[in-house]
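K.L.:
Here's my sequence, what's the structure:
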Amino acid sequence: MGRRQRTALLAAALAVAVVVAGFFSFAGGPRVTSKDIAFEILSPTRATVTFDVERNAGERVECSVRVLDDSYAVVGWKSVVFEPGEGTGHEKVRHTVELRTEALGTTGGVGDCWKLD
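P.N.:
Alright, predicted model coming up:
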């Protein structure tokens, strides 16, 4: 086998490896996502946050919910755990959580959600 043929074969193998790696990185199924729906500042010490979580029904998921003040400092924080659901496939869950705050908040929402092992 000549040098050009080996180089072409190596380049083709590398291209196939990149495509396969890309497929497996995206083929893991839908990720956990969240979307803020509403928040309400009830008082300087209380707020509520309503949000949607999309996940595979069989997954246990945790989300961090936070309330921020006008300088974007966190004045309230709570962790919410969603236990696996009864169904199968992808599901959307809407949840409202009440948080205690250290000062008057101006906004609230989900910081992040992740799958628990």
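
K.L.:
For residue 36, the count of nearby residues, please.
P.N.:
14 (other C-beta atoms under 10 Å). C-betas here are computed from N, CA, C, even on glycine.

K.L.:
ugh, typo on my part, it should be residue 99
P.N.:
With other C-beta under 10 Å as criterion, residue 99 counts 20.

K.L.:
Who does it form a beta bridge with?
P.N.:
For residue 99, the beta-bridge partners are residue 47 (DSSP bridges).

K.L.:
Let me see the contact set for it.
P.N.:
If a contact means C-beta atoms under 8 Å, 6 or more residues apart in numbering, then residue 99 has 46-49, 65-67, 76-78, 108 as its contacts.

K.L.:
The same query, at a cut-off of 6 Å, please.
P.N.:
In this structure, residue 99 makes contact with 47, 67, 76, 78, judged by C-beta atoms under 6 Å, 6 or more residues apart in numbering.

K.L.:
Please apply the same query to residue 57.
P.N.:
85, 87-89, 91.

K.L.:
ok, of these, which one's closest to residue 1?
P.N.:
Residue 1 has its nearest neighbour among the contacts of residue 57 in residue 89, at 49.4 Å by C-beta to C-beta.
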